[in-house]
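In: sequence isn't available, so here's the structure alone:
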């Protein structure tokens, strides 16, 4: 893959011409200062990628000619949904960025009993900012799909959805939990997976019992207490090692 710049074009046509506007055009024209005649990659966030040549530039938009458009799949072979208790400040942004780069399919910000960060669904700009970060992460790492960032979801409501997944895991640092590698070994052929990582104070005993009742399995990542973003990134990395790149757990 060449080092041409990549841009998100949600209405990417298979042939003909495409227009780039908004923030993508600003980055193309005023940050990178690309000119007519230069070539770039475009992707639509749904698996289609194209090579294109810039035909015309305006103040806030650019017209491009699609040269070659093909479906490209660089995704893991397992669709991982990560539900996470929201960490403070920029640590949440790092969690979103890094897990998107790693290839998480869906992110669900989750409200638990001990969650420190709590905010109303209405009027919050956090979700939109995280969705922009997800787009930028896909651009940077070469993904042709964009991680879906869902609305803030209470822990109790999330447990009602565990049946939609072939396997549901809840990460806990307790000594009695089964090691992640042991559980993965027993569920090596699954295609959909839900992972839940709690607040730094941990899930309450009631939450753990309710998760168990929903069919979720408690697992440990390491025998230490990790920050929320560290746990999320570590969990994604371990699962991708086990599932995403055809490695076999022994």
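Out: Here it is on my side, so go on. Keep in mind the model is a prediction, meaning the values are calculated, not measured. Residues are numbered from 1 along each chain as shown.
In: so what's residue 139 closest to, chain neighbours aside?
Out: residue 6 (4.8 Å; CB to CB, 6 or more residues apart in numbering). Every residue, glycine included, has its C-beta placed from N, CA and C.
In: right, and that neighbour touches residue 142 too?
Out: Yes - taking CB atoms under 8 Å as the definition, residue 6 is a contact partner of residue 142 at 7.3 Å.
In: what about the two, which has more around it?
Out: residue 6 (20 against 14; other CB atoms under 10 Å).
In: that one bridge partners, please.
Out: Note on residue 6: beta-bridge partners residue 41, judged by DSSP bridges.
In: state the distance from it to residue 44.
Out: Separation of residue 6 from residue 44 (CB to CB, to the nearest Å): 12 Å.
In: one more: residue 62?
Out: For residue 62, the distance to residue 44 - CB to CB - is 16 Å.
In: quick one, what contacts the residue nearest to residue 139?
Out: 40-43, 139, 142 (CB atoms under 8 Å, 6 or more residues apart in numbering).
In: where does this structure have its least confident helix or strand?
Out: Between all helices and strands in the chain, the lowest mean by mean pLDDT, DSSP states H and E belongs to strand 178-179, at a mean of 86.
In: any idea how far that strand is from the chain center?
Out: 25 Å (CA atoms, centre = their mean, to the nearest Å).
In: how about the very next helix or strand once past it: buried residues?
Out: Using DSSP states H and E, the helix or strand that follows strand 178-179 in sequence is helix 180-186. Buried residues in helix 180-186, counted by 16 or more other CB atoms under 10 Å: 180, 183-184.
In: hmm, who's touching helix 180-186?
Out: 167, 169, 171, 217, 219-221, 235, 238-239, 242-243, 249.
In: go again using 6 Å as the cut-off
Out: 217, 219, 221, 238, 242, 249 (CB atoms under 6 Å, 6 or more residues apart in numbering).
In: report the rounded mean pLDDT for it.
Out: Helix 180-186 comes out with an average pLDDT of 90.
In: by contact count, what packs against the helix or strand just after it?
Out: Using DSSP H and E, the next helix or strand after helix 180-186 towards the C-terminus is strand 192-197. Contacts defined by 3 or more CB pairs under 6 Å, 6 or more residues apart in numbering; DSSP states H and E place strand 192-197 against strand 79-85, strand 167-171, helix 228-239.
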